[in-house]
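> Fold the following and give me the result.
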Amino acid sequence: MNRLVLFVVSLGLLCGCRTTRTATAPTGPHVHVLTYNVNYGGARPDLAAEIIRQSGADIVCLQETTPQWEEYLRQALGREYPLAEFRESTNRMGGGSAFLAKVPGRDVAFVPTDSGWFDGWIMKFETAIGSVQVINVHLRPPYSDSGSFVSGYFTTGGERQREMERFYEAREPQLPTLVLGDFNDREHSAVTRWLQGNGMTNALPQFDAYSPTWKWETSVVTLKRRMDHIFYSSDFDCAAARVIPAGASDHFPVEAILTKK
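Here you go, the predicted structure:
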(Lines give C-alpha, C1' and ligand atoms only; values in the text may rest on other atoms or scores of the structure.)
Protein backbone atom coordinates (compact mmCIF):
# COMPACT_ATOMS: atom_id res chain seq x y z
CA MET A 1 0.00 0.00 0.00
CA ASN A 2 1.55 3.32 -1.02
CA ARG A 3 1.81 6.26 1.35
CA LEU A 4 -1.01 8.23 -0.26
CA VAL A 5 -3.52 5.40 0.08
CA LEU A 6 -2.26 4.65 3.61
CA PHE A 7 -2.82 8.32 4.53
CA VAL A 8 -6.44 8.17 3.34
CA VAL A 9 -7.15 4.81 5.00
CA SER A 10 -5.56 5.97 8.27
CA LEU A 11 -7.65 9.13 8.20
CA GLY A 12 -10.84 7.13 8.10
CA LEU A 13 -9.71 4.78 10.87
CA LEU A 14 -8.54 7.55 13.18
CA CYS A 15 -11.45 9.93 12.74
CA GLY A 16 -14.29 7.43 12.60
CA CYS A 17 -17.62 9.11 13.22
CA ARG A 18 -15.89 12.46 13.65
CA THR A 19 -15.12 12.64 9.94
CA THR A 20 -17.31 15.20 8.19
CA ARG A 21 -16.05 14.52 4.65
CA THR A 22 -14.74 11.34 3.12
CA ALA A 23 -11.07 11.55 2.22
CA THR A 24 -10.08 10.49 -1.28
CA ALA A 25 -6.78 9.48 -2.82
CA PRO A 26 -6.27 11.63 -5.92
CA THR A 27 -5.31 9.73 -9.04
CA GLY A 28 -3.82 12.75 -10.78
CA PRO A 29 -1.31 15.47 -9.87
CA HIS A 30 -1.42 16.67 -6.28
CA VAL A 31 0.69 18.26 -3.57
CA HIS A 32 1.06 16.83 -0.07
CA VAL A 33 1.92 19.32 2.70
CA LEU A 34 2.63 19.01 6.41
CA THR A 35 3.07 21.50 9.25
CA TYR A 36 4.74 20.66 12.57
CA ASN A 37 5.76 22.71 15.60
CA VAL A 38 8.57 20.49 16.85
CA ASN A 39 8.95 22.24 20.26
CA TYR A 40 12.58 23.30 20.40
CA GLY A 41 12.92 22.32 24.05
CA GLY A 42 11.47 18.87 23.54
CA ALA A 43 13.32 15.61 23.22
CA ARG A 44 13.40 13.01 20.44
CA PRO A 45 14.17 14.80 17.18
CA ASP A 46 14.52 11.27 15.83
CA LEU A 47 10.77 10.81 16.28
CA ALA A 48 10.07 14.05 14.44
CA ALA A 49 12.33 13.00 11.56
CA GLU A 50 10.64 9.61 11.30
CA ILE A 51 7.16 11.19 11.29
CA ILE A 52 8.19 13.50 8.47
CA ARG A 53 9.83 10.68 6.51
CA GLN A 54 6.84 8.36 6.88
CA SER A 55 4.38 11.07 5.90
CA GLY A 56 5.93 11.35 2.45
CA ALA A 57 4.91 15.02 2.32
CA ASP A 58 6.22 17.04 -0.62
CA ILE A 59 6.52 20.26 1.41
CA VAL A 60 7.04 20.48 5.18
CA CYS A 61 6.75 23.62 7.32
CA LEU A 62 8.41 23.53 10.73
CA GLN A 63 8.20 25.89 13.66
CA GLU A 64 10.40 26.27 16.79
CA THR A 65 13.58 25.04 15.14
CA THR A 66 17.09 25.73 16.46
CA PRO A 67 20.61 25.19 15.08
CA GLN A 68 20.63 21.83 16.86
CA TRP A 69 17.37 20.80 15.24
CA GLU A 70 18.69 21.98 11.88
CA GLU A 71 21.85 19.93 12.18
CA TYR A 72 19.95 16.78 13.11
CA LEU A 73 17.21 17.09 10.48
CA ARG A 74 19.65 17.88 7.67
CA GLN A 75 21.54 14.69 8.44
CA ALA A 76 18.46 12.55 9.03
CA LEU A 77 16.33 13.73 6.09
CA GLY A 78 18.86 14.97 3.54
CA ARG A 79 18.17 12.10 1.16
CA GLU A 80 14.39 12.51 1.20
CA TYR A 81 14.36 16.33 1.29
CA PRO A 82 17.06 17.88 -0.91
CA LEU A 83 15.66 21.35 -0.22
CA ALA A 84 16.14 22.26 3.44
CA GLU A 85 15.97 25.93 4.39
CA PHE A 86 16.23 27.07 8.01
CA ARG A 87 16.05 30.55 9.55
CA GLU A 88 16.72 31.52 13.12
CA SER A 89 14.33 33.82 14.91
CA THR A 90 15.22 37.50 14.80
CA ASN A 91 13.85 37.90 18.30
CA ARG A 92 13.39 34.72 20.35
CA MET A 93 15.43 31.64 21.21
CA GLY A 94 13.80 28.55 19.80
CA GLY A 95 11.66 30.61 17.47
CA GLY A 96 13.22 29.49 14.21
CA SER A 97 11.34 28.08 11.25
CA ALA A 98 12.11 25.82 8.32
CA PHE A 99 10.98 24.47 4.98
CA LEU A 100 11.78 20.95 3.81
CA ALA A 101 10.79 20.03 0.28
CA LYS A 102 11.15 17.33 -2.35
CA VAL A 103 10.49 19.91 -5.09
CA PRO A 104 12.39 23.03 -6.17
CA GLY A 105 11.66 26.25 -4.29
CA ARG A 106 12.76 29.84 -3.82
CA ASP A 107 12.18 32.62 -1.32
CA VAL A 108 9.31 35.03 -1.87
CA ALA A 109 9.63 37.03 1.36
CA PHE A 110 10.89 36.84 4.90
CA VAL A 111 8.87 39.10 7.21
CA PRO A 112 10.58 39.87 10.53
CA THR A 113 8.27 40.24 13.48
CA ASP A 114 7.23 43.70 14.59
CA SER A 115 5.34 42.30 17.59
CA GLY A 116 8.30 40.85 19.48
CA TRP A 117 7.26 37.26 18.78
CA PHE A 118 7.92 35.20 15.64
CA ASP A 119 8.73 35.91 12.00
CA GLY A 120 6.79 34.95 8.87
CA TRP A 121 8.36 33.27 5.86
CA ILE A 122 7.06 32.69 2.34
CA MET A 123 8.48 30.36 -0.31
CA LYS A 124 7.35 29.42 -3.82
CA PHE A 125 7.57 25.79 -4.95
CA GLU A 126 7.31 24.11 -8.33
CA THR A 127 5.01 21.16 -7.67
CA ALA A 128 3.15 18.55 -9.68
CA ILE A 129 0.16 20.92 -9.85
CA GLY A 130 2.23 23.97 -10.77
CA SER A 131 3.64 26.91 -8.82
CA VAL A 132 2.46 27.01 -5.20
CA GLN A 133 3.22 29.70 -2.63
CA VAL A 134 3.46 28.62 1.02
CA ILE A 135 3.31 30.99 4.00
CA ASN A 136 4.89 29.44 7.11
CA VAL A 137 3.60 31.12 10.28
CA HIS A 138 4.01 30.90 14.04
CA LEU A 139 1.68 33.46 15.58
CA ARG A 140 1.77 35.05 19.01
CA PRO A 141 0.95 32.66 21.87
CA PRO A 142 -2.13 33.48 23.94
CA TYR A 143 -0.12 35.05 26.75
CA SER A 144 -0.66 38.57 28.00
CA ASP A 145 2.27 40.98 28.23
CA SER A 146 2.42 40.11 31.92
CA GLY A 147 2.65 36.39 31.12
CA SER A 148 -0.91 35.37 31.98
CA PHE A 149 -2.42 32.58 29.89
CA VAL A 150 -5.92 33.25 31.24
CA SER A 151 -6.14 36.94 30.35
CA GLY A 152 -3.96 36.45 27.25
CA TYR A 153 -6.40 33.98 25.78
CA PHE A 154 -9.10 36.65 25.73
CA THR A 155 -6.99 39.70 24.82
CA THR A 156 -4.41 38.67 22.21
CA GLY A 157 -6.58 37.43 19.34
CA GLY A 158 -6.36 40.76 17.55
CA GLU A 159 -2.57 40.59 17.68
CA ARG A 160 -2.54 37.26 15.87
CA GLN A 161 -4.81 38.65 13.19
CA ARG A 162 -2.55 41.67 12.75
CA GLU A 163 0.51 39.42 12.42
CA MET A 164 -1.25 37.36 9.78
CA GLU A 165 -2.24 40.47 7.84
CA ARG A 166 1.43 41.54 7.65
CA PHE A 167 2.62 38.12 6.51
CA TYR A 168 -0.20 37.70 3.99
CA GLU A 169 0.44 41.14 2.49
CA ALA A 170 4.00 40.05 1.58
CA ARG A 171 2.82 37.22 -0.68
CA GLU A 172 2.79 37.30 -4.48
CA PRO A 173 -0.96 37.89 -5.04
CA GLN A 174 -1.16 36.07 -8.37
CA LEU A 175 0.09 32.74 -7.01
CA PRO A 176 -2.02 29.91 -5.54
CA THR A 177 -1.44 30.19 -1.80
CA LEU A 178 -1.25 27.94 1.25
CA VAL A 179 -0.95 29.21 4.83
CA LEU A 180 0.46 26.61 7.23
CA GLY A 181 1.66 26.69 10.78
CA ASP A 182 1.06 27.17 14.47
CA PHE A 183 -1.67 29.80 14.71
CA ASN A 184 -1.90 29.58 18.51
CA ASP A 185 -5.62 30.02 18.01
CA ARG A 186 -8.68 27.90 17.37
CA GLU A 187 -10.47 27.41 14.09
CA HIS A 188 -13.22 29.88 15.09
CA SER A 189 -11.04 32.88 15.90
CA ALA A 190 -10.35 36.36 14.60
CA VAL A 191 -7.34 35.25 12.55
CA THR A 192 -9.07 32.27 10.93
CA ARG A 193 -12.15 34.34 10.16
CA TRP A 194 -9.90 36.95 8.55
CA LEU A 195 -8.34 34.33 6.26
CA GLN A 196 -11.76 32.98 5.37
CA GLY A 197 -12.85 36.51 4.54
CA ASN A 198 -9.96 36.62 2.07
CA GLY A 199 -11.13 33.50 0.26
CA MET A 200 -9.07 30.93 2.17
CA THR A 201 -10.43 27.56 3.37
CA ASN A 202 -9.35 25.59 6.42
CA ALA A 203 -8.51 22.00 5.41
CA LEU A 204 -8.67 19.99 8.63
CA PRO A 205 -12.23 20.73 9.88
CA GLN A 206 -13.65 19.33 6.66
CA PHE A 207 -12.36 15.85 7.52
CA ASP A 208 -12.01 15.83 11.31
CA ALA A 209 -14.21 17.98 13.48
CA TYR A 210 -12.60 17.43 16.88
CA SER A 211 -9.03 16.10 17.11
CA PRO A 212 -6.71 18.54 18.91
CA THR A 213 -3.35 19.53 17.46
CA TRP A 214 -1.90 20.65 20.82
CA LYS A 215 -1.93 19.23 24.31
CA TRP A 216 -0.28 20.23 27.57
CA GLU A 217 -0.34 18.11 30.70
CA THR A 218 -0.60 19.87 34.05
CA SER A 219 -0.84 18.39 37.54
CA VAL A 220 -4.59 18.94 37.42
CA VAL A 221 -5.74 18.49 33.84
CA THR A 222 -4.53 17.92 30.29
CA LEU A 223 -5.25 20.93 28.12
CA LYS A 224 -6.13 20.20 24.50
CA ARG A 225 -6.80 22.58 21.64
CA ARG A 226 -6.68 22.80 17.87
CA MET A 227 -4.12 25.50 17.13
CA ASP A 228 -2.30 24.27 14.00
CA HIS A 229 -3.95 24.84 10.64
CA ILE A 230 -3.59 24.46 6.87
CA PHE A 231 -5.47 27.08 4.83
CA TYR A 232 -5.69 27.05 1.04
CA SER A 233 -6.79 29.54 -1.60
CA SER A 234 -9.63 28.98 -4.06
CA ASP A 235 -7.13 27.64 -6.63
CA PHE A 236 -7.17 24.28 -4.81
CA ASP A 237 -9.43 21.42 -3.86
CA CYS A 238 -8.58 19.42 -0.74
CA ALA A 239 -8.68 15.63 -1.02
CA ALA A 240 -7.74 14.78 2.57
CA ALA A 241 -6.43 16.27 5.82
CA ARG A 242 -5.63 14.84 9.22
CA VAL A 243 -3.80 15.17 12.53
CA ILE A 244 -0.96 12.71 13.11
CA PRO A 245 -1.19 11.81 16.84
CA ALA A 246 2.50 11.10 17.32
CA GLY A 247 5.81 12.64 18.37
CA ALA A 248 7.30 14.13 21.53
CA SER A 249 6.27 17.75 20.93
CA ASP A 250 3.31 19.41 22.62
CA HIS A 251 1.99 19.87 19.06
CA PHE A 252 0.94 17.16 16.63
CA PRO A 253 1.75 17.34 12.91
CA VAL A 254 -1.09 18.23 10.53
CA GLU A 255 -1.06 17.20 6.88
CA ALA A 256 -3.23 17.70 3.81
CA ILE A 257 -3.37 16.59 0.18
CA LEU A 258 -4.42 19.22 -2.36
CA THR A 259 -5.24 19.13 -6.03
CA LYS A 260 -5.67 21.95 -8.51
CA LYS A 261 -9.23 23.12 -8.97
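
> Looking at residue 80 now. What's its pLDDT?
On pLDDT, residue 80 comes in at 98.

> so it makes contact with residue 73?
No: Residue 80 is not in contact with residue 73 according to Cβ atoms under 8 Å; the separation is 10.5 Å. All C-beta atoms are positioned from the backbone trio N, CA, C, and that covers glycine.

> out of those two, which sits in the busier spot?
residue 73 (23 against 15; other Cβ atoms under 10 Å).

> quick one, phi psi at the more buried one?
Note on residue 73: its backbone torsions stand at phi -70, psi -30 [degrees, to the nearest 10].

> Also the one 3 residues further on?
Geometry field for residue 76 lists phi and psi as phi -80, psi -30, criterion degrees, to the nearest 10.

> Which residue comes closest to it once chain neighbours are left out?
residue 49 (4.0 Å; Cβ to Cβ, 6 or more residues apart in numbering).

> what does the host helix or strand of the one you found rub up against?
Assigned by DSSP states H and E, residue 49 falls within helix 45-55. Contact partners of helix 45-55, identified using Cβ atoms under 8 Å, 6 or more residues apart in numbering, comprise 3, 7, 32, 34, 36, 38, 60, 68-69, 72-73, 76-77, 80-81, 100, 244, 246-249, 253, 255.

> How much space separates residue 247 from residue 53?
13 Å (Cβ to Cβ, to the nearest Å).

> Compare those two and say which one has the larger neighbour count.
Counted by other Cβ under 10 Å, residue 247 and residue 53 do not tie: residue 247 has more neighbours, with 21 against 14.

> beta partners for residue 260?
Judged by DSSP bridges, the bridge partners of residue 260 are residue 236.

> for it, what are its contacts?
Counting by Cβ under 8 Å, 6+ apart, residue 260 touches 29, 129-130, 176, 235-237.

> what about the closest residue to residue 73 other than its chain neighbours, how many neighbours?
Of all residues not flanking residue 73 in the chain, residue 49 sits nearest, at 6.0 Å (Cβ to Cβ, 6+ apart). For residue 49, the tally of surrounding residues (other Cβ under 10 Å) stands at 20.

> and if you look at residue 199?
Using other Cβ under 10 Å, residue 199 is surrounded by 12 other residues.

> is it fair to say residue 75 lies in a helix?
Yes: assessed by DSSP: H, G, I helix; E, B strand; the rest coil, residue 75 belongs to a helix.

> any idea how far the residue nearest to residue 73 is from residue 94?
Relative to residue 94, and taking Cβ to Cβ, residue 49 is found at 18 Å.

> Model confidence score at residue 151, please.
Looking at residue 151, its pLDDT stands at 45.

> all helices for this structure, in order.
Counting by DSSP state H, the segments of the chain that form helices are 3-15, 45-55, 67-77, 149-155, 157-169, 190-197.

> orientation of the second one relative to helix 67-77 in degrees?
Regarding helix 45-55 and helix 67-77, their directions subtend 40 degrees when assessed with axes from the mean of the first three to the mean of the last three Cα atoms, to 10 degrees.

> Figure out how far helix 45-55 is from the centre of its chain.
How far helix 45-55 lies from its chain's middle: 15 Å, per Cα atoms, centre = their mean, to the nearest Å.

> Start the count at 40 instead of 1 going forward.
New numbering, starting at 40: the last item is helix 84-94.

> May I see the buried residues of that helix?
Neighbour counts over helix 84-94 (16 or more other Cβ atoms under 10 Å) mark 84, 87-88, 90-91, 94 as buried.
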